[in-house]
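Student: Quick one: sequence and predicted model below, then my questions.
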Amino acid sequence: TYMPRPGDGAPRAVTLIPGDGIGPLVTGAVEQVMEAIHAPVYFEKYEVRGDMKKVPQEVIDSIKKNKVCLKGGLATPMGGGVSSLNMQLRRELDLYASLVNCCNLPGLPTRHDNVDIVVIRENTEGEYSGLEHEVVPGVVESLKVITKFCSERIAKYAFEYAYLNNRKKVTAVHKANIMKLADGLFLESCREVATKYPGITYNEIIVDNCCMQLVSKPEQFDVMVTPNLYGNLVANTAAGIAGGTGVMPGGNVGADHAVFEQGASAGNVGNDNIVEQKKANPVALLLSSAMMLRHLQFPAFADRLETAVKRVILEGKYRTKDLGGQCTTQEIVDAVLNALD
Amino acid sequence: NCRFFSSVSTPIRATLFPGDGIGPEIADSVKQVFNAADVPIEWEEHYVGDQIDPRTQSFLTWESLESVRRNGVGLKGPMATPIGKGHRSLNLTLRKELNLYANVRPCYSLSGYKTRYDNVNLVTIRENTEGEYSGLEHQVVRGVVESLKIITRQASLRVAEYAFHFAKSHGRERVSAIHKANIMQKTDGLFLKCCREVAEKYPEITYEEVIIDNCCMMLVKNPALFDVLVMPNLYGDIISDLCAGLIGGLGLTPSCNIGMGGVALAEAVHGSAPDIAGKNLANPTALLLSAVLMLRHLNIHDKAEQIQNAILNTIAEGKYRTADLGGTSTTSDFTKAICDHL
Ligand SMILES: Nc1ncnc2c1ncn2[C@@H]1O[C@H](COP(=O)(O)OP(=O)(O)OP(=O)(O)O)[C@@H](O)[C@H]1O
Ligand SMILES: Nc1ncnc2c1ncn2[C@@H]1O[C@H](COP(=O)(O)OP(=O)(O)OP(=O)(O)O)[C@@H](O)[C@H]1O
Ligand SMILES: [Mg+2]
Ligand SMILES: [Mg+2]
């Protein structure tokens, strides 16, 4: 049993950003479940919309104070690019690692079994540098920037994660045969860090082959570490084979702060239909908030929440449309509340 | 023009690069099947040299390239680029010298070969000359490197043109442009703009735009959502391999490179497979289906159909399959079975 220090159970403040589209639906789901289990957290809620120019300073301040945030999707308006609010948050708080856990949930039939992949993606540079310009009319350039510093720290995070979570293998994803310098530097950094973790197997795979392997033999992968863009693709592919982005938890984390959200899709706000009919799938964000509770060192609450969600999935009676069902968000929440120990 | 008739008396000349590793074995298989089917093609065989030709700075000779230019069509096995400095990669030489700007990869579920996805029927069309593969990289300061992605209006327009032309001439209904313009607004934005311009000229074809990450997820959840996909270089590389994975892997997927002036160079997607080279174990299907694409490009549709059916029926029957498809047949037994199914 766990013997807490006095004060360990004191409630913690968490910044909450409901966001756009389905965001308020799924964060609302989390609020209800958190309340039902009397989780020792309270939310400081802020209205943020994807079409704002900037994330309001008070929101940044709140996250800086609380260190932890839970958010729904923020729409990226076409042409928002790297000034999208999702990207701004990552930059401003230096959330350099994005983590998505793609795994089969018992009871949810998919084409592949035994998928249990954690994609760890560099979140601050690479193809998302935002450095683009027109050279002459009709010719444009975009810079992919890779630095030793960022490559090393993401590699360290990936191995540290693997070590702490008793994972056996880390696979670096790259295209160094073409981008010899850029992806080469990324690989070099991964290799160096790998030598410090002799207990963890390290290997490398080219990104196109990786996607092919993911759809044929996903069980071969464990933890994956990637530069920015590849991570986005690998995570979405892995999420797809294990049941869709609607059920995969994850978040962004830096040295000081963590933002938890629907794993493979920060920008996801669903579509008008789902919002109108209130049929967003809250499972991903519920599982993300279990991750958050663990991050806050409330493992018992995390387990209780996660067990209830997994029970509902296993039972298979309540499913939203993305999983082939007809349920509303609220029906899923009610089912989860009923399934609580 | 005699090429537009299916049964021509004068044979058409086409260049054949058997290539390295398993290349010669699977190229043999193509020659056998073409013979058995009486295809009016006369192969002009070219081999990769063992010395650098100064005119191409590569092991590929100028004569080989001229042969493709003259014939306008060719079939290529895998080529392993020998390690060492001072020469260009073979595939790069071909792409640059022949200006092969589009790579077309049809991907459909083979009836009779079960995978987890049995409703795939799509074609990926990849821009082949620029984008992330520009080869422009440098170190800014120690520990900081940059790699340039170049998108031009000219290259984007011509690949878009080809995609819509392909869709129309193959009775396809929809073209999806795959992009990440929400992040790379200028580069992918220009690519999209060009696709839109071309789309306007093809009102009968539905045009849509899909963000690449969403595309990956949709492909693995329901590949039937897609028809023809057109995209910049890197995305094309990744998505076309992902699609190959959906239908059973590299041993099965053909491709065709389209160059300026109507040059078409068909090639198997896979590499030289040194691990099984010379052992009579390789699966010739990918190269055979590539040869079928070449025939279709030449409008020799009856032979193309005949050969394609023979391949698919042989695989579906299941008596003769190579090891990569879980069978025990040799390359030559499998090839013979195809000839018997013609
Ligand atoms: N929680 C959910 N509930 C219902 N449908 C969902 C949910 N999450 C995703 N979807 C569906 O899947 C589609 C694609 O989602 P995805 O998460 O990939 O969005 P995205 O816009 O690509 O985000 P990002 O750019 O950050 O990856 C959505 O438009 C939506 O229809
Ligand atoms: N036509 C084929 N038939 C059977 N197996 C194949 C075939 N093509 C590839 N393979 C198998 O797939 C694996 C990958 O082969 P491939 O040659 O593509 O690798 P590669 O490392 O990319 O080679 P290269 O350096 O020539 O590109 C090998 O184990 C090989 O045996
Ligand atoms: Mg590839
Ligand atoms: Mg290869």
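Tutor: Happy to help now that I have it. Ligands and ions are numbered 1, 2, ... in the order given.
Student: Same question for the lowest-mean-pLDDT helix or strand in chain B: list its buried residues.
Tutor: Least confident element among the helices and strands of chain B, by mean pLDDT, DSSP states H and E: helix B:90-97 (a mean of 86). Within helix B:90-97, the residues that count as buried by 16 or more other CB atoms under 10 Å in any protein chain shown are B:90, B:91, B:93, B:94, B:95, B:97. C-beta coordinates here come from the backbone N, C-alpha and C atoms, glycine included.
Student: Likewise for stretch A:130-142?
Tutor: A:130, A:132, A:139, A:140, A:141, A:142.
Student: The fifth one pairs with what?
Tutor: Each beta-bridge partner of residue A:141 is listed here, defined by DSSP bridges: residue A:133, residue B:150.
Student: I'd assumed residue A:133 was in contact with it.
Tutor: Yes: here residue A:141 reaches residue A:133: they are 6.1 Å apart, a contact under CB atoms under 8 Å.
Student: close to chain B, is stretch A:95-109?
Tutor: No: shown here: stretch A:95-109 not in contact with chain B (CB under 8 Å from any CB of the partner chain), separated by at least 10.7 Å.
Student: Next, see if that stretch gets close to ligand 1.
Tutor: No: using CB under 6 Å from any ligand atom, stretch A:95-109 never reaches ligand 1; the gap is at least 10.0 Å.
Student: Tell me the span between the first and last residue of that stretch.
Tutor: Using CA to CA, to the nearest Å, one end of stretch A:95-109 lies 34 Å from the other.
Student: What of stretch B:48-64?
Tutor: 9 Å.
Student: and for that stretch, what are the contacting residues?
Tutor: B:15, B:17, B:19-20, B:46, B:65, B:79, B:82, B:86-90, B:93-94, B:97 (CB atoms under 8 Å, 6 or more residues apart in numbering or on different chains).
Student: Buried residues in that stretch, which are they?
Tutor: The neighbour-count check on stretch B:48-64 (16+ other CB under 10 Å) flags B:48, B:52, B:53, B:56, B:58, B:59, B:60, B:61, B:64 as buried.
Student: Any chance of TSV for those residues, columns pLDDT and distance to ligand 2?
Tutor: Shown next, in TSV, are the buried residues of stretch B:48-64 (pLDDT from 0 to 100; distance: CB to the nearest ligand atom, whole Å):
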residue	pLDDT	distance to ligand 2
B:48	86	12
B:52	85	19
B:53	87	21
B:56	85	20
B:58	86	16
B:59	88	14
B:60	90	15
B:61	91	20
B:64	94	19
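Student: which stretch of helix or strand covers the nearest residue to residue A:182 once chain neighbours are set aside?
Tutor: With CB to CB, 6 or more residues apart in numbering or on different chains as the criterion, residue A:182 has its nearest non-adjacent residue at 3.9 Å, and that residue is residue B:147. Using DSSP states H and E, residue B:147 maps to strand B:144-152.
Student: Residues contacting that strand, please?
Tutor: Contacts for strand B:144-152 (CB under 8 Å, 6+ apart): A:127, A:138-148, A:179, A:181-182, A:184-185, B:130-132, B:134, B:136-140, B:184, B:187-188, B:190-191, B:232, B:234.
Student: Tell me the confidence at residue A:209?
Tutor: Here the pLDDT value assigned to residue A:209 is 94.
Student: what do you get for the one 5 residues further on?
Tutor: Residue-level confidence at residue A:214 comes out at 96, pLDDT.
Student: Report whether whichever strand or helix holds it contacts ligand 2.
Tutor: Following DSSP H and E, one finds residue A:214 within helix A:207-216. No: residues of helix A:207-216 contacting ligand 2 under CB under 6 Å from any ligand atom: none, with a closest distance of 7.7 Å.
Student: Is there contact, residue-wise, from whichever helix or strand comes after that helix to chain B?
Tutor: Under the assignment DSSP H and E, the closest C-terminal helix or strand after helix A:207-216 is strand A:223-226. No: interface with chain B: strand A:223-226 contributes nothing (CB under 8 Å from any CB), its closest point being 12.1 Å away.
Student: what sits against the closest residue to ligand 1 within chain A?
Tutor: Closest to ligand 1 within chain A is residue A:265: 2.6 Å, counting by CB to the nearest ligand atom. Residues near residue A:265 by CB under 8 Å, 6+ apart: A:73, A:236, A:245, B:213.
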